[in-house]
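Trainee: Sharing a sequence plus its predicted fold:
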Amino acid sequence: MRRKIRPVVALDIGGTKFIAAVVGGEGQIVSRAYRQTLAHEGPKRVIARLCSAIGEVIDASGIRRSSFGGIGIAAAGLVDTARGLVTESPNLPSWNNVPLKDRLSSEFGMNSYIINDASAAALGEHAMGAGVGLSNLVFITVSTGIGGGIIIQGKLYEGTNGCAGEIGHMLIQTDGPVCSCGRRGCLEALASGTAIARMARERLAGGEKSILPAVAGRGKADLTAEMVWLAAKKGDSLACDIIDVAADYLGIGLGNLVNIFNPEMVVVGGGVSQMGEMILTPARRSMKRHAFRLPSRTVRVVRAKLRVDAGLLGAAVYARSEEGRQA
Ligand SMILES: [Zn+2]
């Protein structure tokens, strides 16, 4: 008889908010809670808020603590999966080598497992999203920053320290704009939502005509990629051109990935992927120009399916696979 799959607690911790949930054996979300991360208050207070949210979702699920199969944690930033540390994170300032795994394990008396949030989203899309049943898949999330996760022969490739999949920091242009990592010309600095907004600001400052100032209203200084998208949908030529430029860079990144990994599928998630074919069609075209013919003909570049729950569900998948490995 097949062993019953136990429910797990899943956490997705971002720079501005986090989600805690109980995920049942079929991948269904039984209960969930959203909270502000308030990362500036430091790890101690954030961990206290995490614990209270976990307690709340466990109680709301009506499932006894002894029935749980562990806690899966997806965290924004670099994590040391073996030691269970958040080593550093631009989104969680002052988090240096925070032993999140041990803290949550001892608080709730169950094993916990920590993974980078984009790697978790890759696992989620592979287990129950766009890439179910595939062997080789690359997931890329394009939003404020760019992250990713790589599935090779059905398994997440974590690298030596759990740091693999930093697709956003692939170098595209050595003298390009400064990236959030401090280096220049990374994919993230050229094709992320932040990059799209920056290009729009620069070109408006250069005097180009556009409806963007009207779309942005008084918040011109806070121009976002979403506003560029809105203006492009109305046919604004500057906005359309900026999205094409970002798509072109994204395509260079995709071309590199396709040449290196020869995947069956590249799943594109994150806020910028909401633009759909407006960015994916020119990105595919650019990818084909920058990759070899056979792998670029084979690969399917599609939008993610799980949207905001990808990291959460991926954290649950990760906890289950790690728990199974140790059983
Ligand atoms: Zn970078």
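Mentor: Perfect, I can see it now. No experiment lies behind these values; they were computed from the predicted model shown.

Trainee: CA atoms of stretch 80-93 as CSV?
Mentor: Extracted in CSV, the C-alpha atoms of stretch 80-93 (Å, rounded to 0.1, in the frame of the first residue of the first chain):
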residue,chain,number,x,y,z
ASP,A,80,23.3,27.5,2.5
THR,A,81,20.9,24.6,2.1
ALA,A,82,23.1,22.1,4.0
ARG,A,83,23.6,24.2,7.0
GLY,A,84,20.1,25.9,6.8
LEU,A,85,21.3,29.4,6.7
VAL,A,86,20.2,32.6,4.9
THR,A,87,23.8,33.7,4.1
GLU,A,88,23.1,37.0,2.5
SER,A,89,20.2,38.8,0.8
PRO,A,90,19.7,42.1,-0.9
ASN,A,91,16.0,41.8,0.1
LEU,A,92,16.6,41.0,3.7
PRO,A,93,19.2,43.5,4.9
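
Trainee: How about it, which residues are buried there?
Mentor: Asp80, Thr81, Gly84, Leu85, Val86, Thr87, Glu88, Ser89, Asn91, Leu92 (16 or more other C-beta atoms under 10 Å). Heads up, the C-betas are built off the backbone N, CA and C, glycines and all.

Trainee: quick one: is it near the ion?
Mentor: No: interface with the ion: stretch 80-93 contributes nothing (C-beta under 5 Å from the ion), its closest point being 9.7 Å away.

Trainee: Quick one: name the residues of the chain near the ion.
Mentor: The chain has residues His169, Cys179, Cys181, Cys186 near the ion, with proximity defined as C-beta under 5 Å from the ion.

Trainee: Now tabulate those residues in a markdown table and tack on pLDDT and secondary structure.
Mentor: Output for those, formatted as a markdown table (pLDDT from 0 to 100; DSSP: H, G, I helix; E, B strand; the rest coil):
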| residue | pLDDT | secondary structure |
| --- | --- | --- |
| His169 | 95 | helix |
| Cys179 | 93 | coil |
| Cys181 | 86 | coil |
| Cys186 | 97 | strand |
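
Trainee: so which one among the buried residues of stretch 80-93 has the lowest pLDDT?
Mentor: Across the set of the buried residues of stretch 80-93, Asn91 stands lowest in pLDDT, at 73.

Trainee: quick one: that residue from the ion, how far?
Mentor: 14 Å (C-beta to the ion, to the nearest Å).

Trainee: which non-adjacent residue is nearest that residue?
Mentor: Gly15 (3.0 Å; C-beta to C-beta, 6 or more residues apart in numbering).

Trainee: Secondary structure class of the one you found, three-state.
Mentor: coil (DSSP: H, G, I helix; E, B strand; the rest coil).

Trainee: got the contact list for it?
Mentor: Residues in contact with Gly15 (C-beta atoms under 8 Å, 6 or more residues apart in numbering) are Thr37, Ala39, Ala76, Ser89, Pro90, Asn91, Leu92.

Trainee: Just give the closest residue to the fourth one, not the sequence neighbours.
Mentor: Which is Ser89. Per C-beta to C-beta, 6+ apart, closest to Ser89 is Gly77, 2.4 Å.

Trainee: wait, that neighbour sits on Pro93?
Mentor: No: here Gly77 does not reach Pro93: they are 10.0 Å apart, not a contact under C-beta atoms under 8 Å.

Trainee: What helices and strands are in contact with the helix or strand containing Ile115?
Mentor: Element membership of Ile115 [criterion: DSSP states H and E] is strand 112-116. If you count contacts as 3 or more C-beta pairs under 8 Å, 6 or more residues apart in numbering; DSSP states H and E, strand 112-116 packs onto strand 71-75, strand 78-80, helix 100-108, helix 310-326.

Trainee: Taking helix 310-326 as reference, get the angle to that strand.
Mentor: 130 degrees (axes from the mean of the first three to the mean of the last three C-alpha atoms, to 10 degrees).

Trainee: Contacts for strand 112-116, please.
Mentor: 70-79, 81, 84-86, 100-101, 104-105, 123, 147, 149, 162-163, 165, 314-315, 318-319, 322-323.

Trainee: make it 6 Å
Mentor: 71-74, 79, 81, 84, 100-101, 104-105, 318-319, 322 (C-beta atoms under 6 Å, 6 or more residues apart in numbering).

Trainee: partners of that strand in the sheet?
Mentor: With DSSP bridges as the test, strand 112-116 is paired with strand 71-75 (parallel).
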